[in-house]
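J.: got a sequence here, can you build the structure:
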Amino acid sequence: MERYINPLIDLLNGMTPYLLLGFLVAGILKEFVPRRIYADKLSKNNFRSVLLAALFGIPLPLCSCGVIPTAASLRREGASRGATVSFLISTPQTGVDSIFATASILGIPFAICRPVVALVTALAGGCAVNRWDKNADNKASIASASQTMKKSFWKKCAGTLRYGFIDMMQDIGKWIVIGLVIAAVITVAVPNDFFTQLSDYPLLNMLVILAFSAPMYLCATGSIPIAAALMLKGLSPGAALVLLIAGPATNMAAILVINKVLGRKTLIIYLLSIIIGAVSFGLIVDYLLPAQWFSPTGCGSHCSLCTESSAPWWQTTSSILFVSMLVIAFILRMRKNKSTGKPKSFRINGMMCNHCKANVENALARIDGVTAVRVDLGEGKAYVEGKKVDYDTVISTIKELGYEYIEE
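T.: Prediction:
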């Protein structure tokens with residue numbers, strides 16, 4: 001057991017200082033950057049809207065499922081179809097938290113490559129959609145959903161801390177832990193020469209990784225230790241980049257929802273943009289860029305994956321803080337999910353994270369007559385309270401968000 005625990009602790013110590021910083025920046029973005037700004041800038045069917053959507057999406061720490069209702073909301077608020085697809089492609093591939101964590105584990109070149117690839121693939125996909133679907137209704141009215149309550153500076157600060165260190169922990173904490181555990185298992189269980197046997201065939205390496213990562217749910221941050229562990233087993237840097245791009249950007253749930261909300265043509269463009277972009281940049285990394293640029297950080301005297309040296313105190317402290325916050329976040333989530341009263345319940349398929357939860361709660365709360373809304377992710381249900389609520393409107397709102405309502 002010790003041979004699995006030690007790599008897990010090393011990875012945790014290497015990532016947590018940057019994760020904590022990333023969570024803080026994520027909270028600042030959430031509270032201090034009004035979402036209305038996004039919609040106002042993304043309404044036109046042109047390159048500028050596609051570019052801005054990609055740039056808006058890259059730093060946001062939304063996963064490939066959480067980005068779906070957010071993008072659907074932007075679409076309803078007036079964002080063009082091309083801008084919506086650009087946002088869908090760029091956002092889950094990276095985020096401020098994953099950029100910091102990538103730099104800490106895989107090095108600065110990898111940390112630079114991720115947002116660059118996210119930008120290029122998003123531009124390609126968004127522009128292709130604008131060219132393909134010229135009849136898109138890009139003049140949708142700005143919905144009242146974009147009008148948020150004004151908060152004082154101190155309430156925004158409190159919201160920053162809550163979003164970054166509670167909501168974000170609840171959202172992706174599980175996936176980070178899963179990624180770390182998988183990485184530790186890979187480090188010990190996968191033979192050292194497993195991928196070196198395919199080292200002469202980088203494209204085959206990438207296709208194998210693509211086949212496994214595309215349908216899976218991989219968090220942008222949780223995929224980092226997996227990529228690092230596979231590289232130490234001989235995986236080429238280009239194939240690792242494919243994992244970091246395609247894994248977080250796609251999963252079966254997102255694929256099904258995009259097909260339903262935006263249509264099959266848009267889904268095809270979405271997938272091709274990600275796959276072609278990931279493989280193309282992977283080949284560039286393997287064939288055109290120096291190999292020493294792309295290796296787990298400091299594979300030498302400072303590599304926590306390769307040496308037995310003890311971690312600095314600030315890394316150990318960060319790990320303790322991270323684990324403590326993770327435990328607190330999940331305790332609060334369990335308490336919040338305890339049912340109170342007997343509201344009307346609606347079973348919803350497709351919700352996977354706190355971003356999904358927040359979008360459903362906010363949308364249903366705006367329906368006339370609704371006095372309280374609570375979403376339980378574990379049960380996959382929304383509980384709605386109120387007087388003279390039109391439940392058909394509740395159901396249609398759920399479907400407009402891109403989720404599936406299931407009759408009980």
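J.: just give me the neighbour total for residue 22.
T.: 23 (other Cβ atoms under 10 Å). (Glycine included, C-beta is placed from N, CA and C.)
J.: what about the closest residue to it other than its chain neighbours, which helix or strand?
T.: Excluding its sequence neighbours, the residue lying closest to residue 22 (Cβ to Cβ, 6 or more residues apart in numbering) is residue 97, at 2.8 Å. Following DSSP states H and E, one finds residue 97 within helix 96-105.
J.: how far does stretch 356-372 stretch from one end to the other?
T.: End-to-end distance of stretch 356-372 (Cα to Cα, to the nearest Å): 17 Å.
J.: ok, back up a step: and the helix or strand that the helix holding residue 97 is followed by, what other elements does it pack with?
T.: Note on helix 96-105: by DSSP H and E, the next helix or strand toward the C-terminus is helix 108-132. Here helix 108-132 touches helix 47-57, helix 81-93, helix 96-105, helix 237-249, helix 264-288, going by 3 or more Cβ pairs under 8 Å, 6 or more residues apart in numbering; DSSP states H and E.
J.: kindly recompute the last result at 10 Å.
T.: helix 47-57, helix 81-93, helix 96-105, helix 223-232, helix 237-249, helix 264-288 (3 or more Cβ pairs under 10 Å, 6 or more residues apart in numbering; DSSP states H and E).
J.: okay, the angle between the longest one and helix 237-249?
T.: I take that to be helix 264-288. Put simply, helix 264-288 runs at 160 degrees to helix 237-249, going by axes from the mean of the first three to the mean of the last three Cα atoms, to 10 degrees.
J.: of all the helices and strands packed on helix 108-132, which one comes closest to residue 14?
T.: helix 96-105 (5.5 Å; Cβ to Cβ).
J.: pretty sure residue 14 is touching residue 100, no?
T.: No - here residue 14 lies out of contact with residue 100, judged by Cβ atoms under 10 Å, at a distance of 11.4 Å.
J.: of the two, who's got more company?
T.: residue 14 (26 against 21).
J.: okay, the more buried one: pLDDT?
T.: Looking at residue 14, its pLDDT reads 72.
J.: quick one: it from residue 180, how far?
T.: 10 Å (Cβ to Cβ, to the nearest Å).
J.: contacts only, for residue 111.
T.: 18, 94, 98-105, 224, 297 (Cβ atoms under 10 Å, 6 or more residues apart in numbering).
J.: returning to what we had before: any chance of CSV for the helices and strands packed on helix 108-132, columns distance to residue 204 and mean pLDDT?
T.: Conversion of the helices and strands packed on helix 108-132 to CSV gives the following (distance: least, Cβ to Cβ, whole Å; pLDDT from 0 to 100):
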stretch, distance to residue 204, mean pLDDT
helix 47-57, 30, 92
helix 81-93, 23, 90
helix 96-105, 25, 87
helix 223-232, 14, 85
helix 237-249, 9, 90
helix 264-288, 11, 92
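J.: out of these, which is the most enclosed?
T.: helix 81-93 (a mean of 31; mean count of other Cβ atoms under 10 Å).
J.: where's that one relative to the chain centroid, distance-wise?
T.: Distance of helix 81-93 from its chain centroid, counting by Cα atoms, centre = their mean, to the nearest Å, is 12 Å.
J.: same deal with stretch 234-248?
T.: Worked out by Cα atoms, centre = their mean, stretch 234-248 lies 16 Å from the chain centre.
J.: name the single longest helix found in the protein.
T.: helix 2-32 (DSSP state H).
J.: can you give me the buried ones in it?
T.: Within helix 2-32, the residues that count as buried by 16 or more other Cβ atoms under 10 Å are 7-31.
J.: identify the contacts common to residue 14 and residue 180.
T.: Counting by Cβ under 10 Å, 6+ apart, the residues touching both residue 14 and residue 180 are 224-225.
J.: tell me the SS of the residue at minimal distance from the centre of the chain?
T.: By Cα atoms, centre = their mean, the chain has its centre lying nearest to residue 63, at 1.9 Å. Taking DSSP: H, G, I helix; E, B strand; the rest coil as the rule, one finds residue 63 in the coil state.
J.: so what's the residue count around the closest residue to residue 364 other than its chain neighbours?
T.: For residue 364, ignoring the flanking residues on the chain, the nearest one in space by Cβ to Cβ, 6+ apart is residue 373 at 4.6 Å. Per other Cβ under 10 Å, the neighbour tally for residue 373 reads 21.
J.: by contact count, what packs against the helix or strand encompassing residue 373?
T.: Residue 373 belongs to strand 370-376 when assigned by DSSP H and E. Where contact means 3+ Cβ pairs under 10 Å, 6+ apart, strand 370-376 is packed against helix 313-336, strand 344-349, helix 354-365, strand 381-386, helix 391-400.
J.: domains for this protein, by residue range?
T.: What automatic domain parsing lists as the domains of the chain is 2-321, 340-406.
J.: of all the helices and strands packed on strand 370-376, which lies closest to residue 251?
T.: helix 354-365 (13.0 Å).
J.: tell me the angle that closest one makes with helix 391-400.
T.: 150 degrees.
J.: run the chain-centre distance for helix 354-365.
T.: 17 Å.
J.: pull out the buried residues from that helix.
T.: Here helix 354-365 shows 354-361, 363-364 as buried, counting by 16+ other Cβ under 10 Å.
J.: got a pLDDT number for the closest residue to residue 99 other than its chain neighbours?
T.: Distances taken as Cβ to Cβ, 6+ apart put residue 111 closest to residue 99, at 5.4 Å, once the chain neighbours are dropped. With respect to pLDDT, residue 111 has a value of 92.
J.: dump the residue contacts of the residue nearest to the centre of the chain.
T.: Counted by Cβ under 10 Å, 6+ apart, residue 63 has contacts 91-92, 95, 171-172, 175, 217-222, 248-249, 251, 254, 352-356.
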